[in-house]
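> The following block contains a protein sequence and its predicted model.
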Amino acid sequence: IHGRCVCEHHTQGLNCERCEDFYHDLPWRPAEGSSTNACRRQCLAPAPAPCCARGLGVLRTGLGEWGGAVCDGCQHNTMGRRCHLCKPFYYRHPRSDIRAPTACAPCDCDPVGSLDGGACDGHTDVALGMIAGQCRCKENVAGPRCDRCRHGTYGLSHGDPQGCQLCRCDPRGTVAGSSPCDPISGDCYCKRFVAGRSCSQCVPEFWGLSYDVGGCRPC
């Protein structure tokens, strides 16, 4: 009579000679000294995420580590060979386990003012300057959501590669100490005796556009 082994480390079989289902990320190997060579779950998504056998023996470049099966049907907006990454337009929530339904949160970026149609940093990587959920604004756009024009620009537009246009205001006739123009219309903020969209002309009965407080002098 032969006894049946009590398997550990997610192995199975009469002699614990193979990995359990869903634990084929690494090929089965017998324990060696203090190393258990435990079978590892290939899908980090909630069990049982469907996995297929293709990809057995895939080498993880740079790590010298052999991978196993590839996950199919990743859940909760995850992706990747082990369902360990968030899909585009989602980011890894810092307080959620990757297996939790809330692991990948949707980006909250304005698609008009942000790069890549509203995609955000998918995860945090300090070395690369990435912060999970951070929006990447077009050159002339600002705000956590990339939803407003920078100081001195106007007209947030989806079709503008820079997001907003530069204000076209005559500095002589524009009020100092504020944004030179309206961030939506582009109309310049004129001094008391100055008129025109770009604040470049004196009102009737005034002349001599200059940097004076009033902008122009009475006739």
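On my side now, so go ahead.
> Using the three-state scheme, assign Gln117.
Rather than Gln, residue 117 is Gly. With DSSP: H, G, I helix; E, B strand; the rest coil as the basis, the three-state label of Gly117 is helix.
> who are the neighbours in contact with it?
Pro111 (Cβ atoms under 8 Å, 6 or more residues apart in numbering). Every residue, glycine included, has its C-beta placed from N, CA and C.
> Quick check: buried residues in stretch 178-190?
Across stretch 178-190, burial judged by 16 or more other Cβ atoms under 10 Å covers Ser179, Pro180, Cys181, Pro183, Gly186, Cys188, Tyr189, Cys190.
> for those, which one is nearest Gly163?
Pro183 (11.4 Å; Cβ to Cβ).
> Could I get the contacting residues of the spatially closest residue to that closest one that is not a sequence neighbour?
Residue nearest to Pro183 in three dimensions, not counting chain neighbours: Cys149, with 4.5 Å by Cβ to Cβ, 6 or more residues apart in numbering. Listed by Cβ under 8 Å, 6+ apart, the contact set of Cys149 reads Asn140, Val141, Ala142, Gly155, Leu156, Gly163, Cys164, Pro183.
> Show me what Cys149 bridges to in the sheet.
Taking DSSP bridges as the rule, Cys149 bridges to Val141.
> quick one: it from Ser114, how far?
The gap separating Cys149 from Ser114 is 13 Å, by Cβ to Cβ, to the nearest Å.
> Much appreciated, bye for now.
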